[in-house]
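J.: with the sequence up front, the predicted model follows.
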Amino acid sequence: MNVNIIVDSASDLPKSFYDEFQADMVPLLVHLNGQDYEDSRTIESETVYQEMRNGAAPKTAQATPESFFQVFKKYAEKGEPCVYLAFSSELSGTYQSAKIAEQQVKEEFPDAQLDVFDTKCASLGYGLVAHRAAKLAKDGASREKILEMAEYHASHMEHIFTVDDLEYLYRGGRVSRTQAFMGSLLKIKPLLHVEDGKLVPLEKIRGSKKVLKRMVEIMEERGDDINNQVIAISHGDDPDHAEKLAGMIREKFNPKEILIHTIGAAIGAHAGPGTIALFFLNDTYK
């Protein structure tokens, strides 16, 4: 019996992923202009980005324990194994919601074959972990093998990203008001990454033209066996720069595949339009 893979909407995976692997998705919540929405179900990221450009300040909330309970229970009732791969617990309480639901399900179904795994990853960095896990599940791998590979990919996943406007990170508490003001004044583009599941500043680049070039350089410095990897680029409603970055990477490394997709509403509400993020492994691809 194949293992069922469950993710949440912060994985930023395209619809084709769910079609191909029959995976389940639990949405994070978005509050915009006085209304509550489910990320990627009842609101699309493009709507959020447009509203942010018009001055809106969306807020987000973790997926609820009840939403996880309903999905987990579905598989427990059928006696089917499942693995939920979670958005970083350092960036959202969604993982904790899933752990509450896991306990509830296992109290009701003591034999439930259910695992909840904190990837400590975000956006398509998290999505790549889920993509690899889903391929293994489709091929009939065990829960143990899937979790082993998820652990490997999650622990070696690099997240290198930049934002177009520091104001959005300021609103989300990621930078100070002074940093946001000075960054905008001096046209400084920050490079950030994820370390132990948290967003951490990496470098400051003056001038937007240099940012993509520097991202490719960091990929060369940190990446390993890149030509054999599936790498990913996510963007905040900026497909042109995403494709430009992909072209630079293809020219230099020619990886096996480059997955490009829009950053969803839940993460986009904090990063803002114009965000560009690059994801790859820093150790030999498995």
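T.: In hand now; what should we look at? Because the structure is a prediction, the values reported are computed rather than measured.
J.: run through who's touching whichever strand or helix holds residue 76.
T.: In this structure, residue 76 is located in helix 65-78 according to DSSP states H and E. Outside helix 65-78, the residues within contact range by C-beta atoms under 8 Å, 6 or more residues apart in numbering are 4, 6, 24, 26-27, 81-82, 84, 97-98, 100-102, 104-105, 108-109, 112-114. In this view, the C-beta of every residue, glycine as well, is placed from N, C-alpha and C.
J.: for burial, what's the neighbour tally of residue 222?
T.: Neighbour count for residue 222, taken as other C-beta atoms under 10 Å: 16.
J.: phi, psi of the closest residue to it other than its chain neighbours?
T.: Among residues not flanking residue 222 along the chain, residue 282 sits closest, at 4.9 Å (C-beta to C-beta, 6 or more residues apart in numbering). With angles defined as degrees, to the nearest 10, residue 282 sits at phi -100, psi 10.
J.: residues contacting residue 282?
T.: Counting by C-beta under 8 Å, 6+ apart, residue 282 has contacts 156, 157, 158, 222, 223, 224.
J.: turn the residues you listed into JSON lines, columns for distance to residue 56, secondary structure and pLDDT.
T.: Output for those, formatted as JSON lines (distance: C-beta to C-beta, whole Å; DSSP: H, G, I helix; E, B strand; the rest coil; pLDDT from 0 to 100):
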{"residue": "156", "distance to residue 56": "37", "secondary structure": "coil", "pLDDT": "97"}
{"residue": "157", "distance to residue 56": "31", "secondary structure": "strand", "pLDDT": "98"}
{"residue": "158", "distance to residue 56": "31", "secondary structure": "strand", "pLDDT": "98"}
{"residue": "222", "distance to residue 56": "35", "secondary structure": "helix", "pLDDT": "96"}
{"residue": "223", "distance to residue 56": "37", "secondary structure": "coil", "pLDDT": "96"}
{"residue": "224", "distance to residue 56": "41", "secondary structure": "coil", "pLDDT": "93"}
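J.: now, the most widely separated pair of the residues you listed?
T.: Based on C-beta to C-beta, the longest span within the contacts of residue 282 runs between 157 and 224 and measures 12.1 Å.
J.: list residues touching both of the two?
T.: Residues within reach of residue 157 and of residue 224 at once, by C-beta under 8 Å, 6+ apart, are 281, 282.
J.: for the protein, what helix or strand is lowest in average pLDDT?
T.: In the chain, the helix or strand scored least confidently by mean pLDDT, DSSP states H and E is helix 177-185, which has a mean of 45.
J.: all set, thanks.
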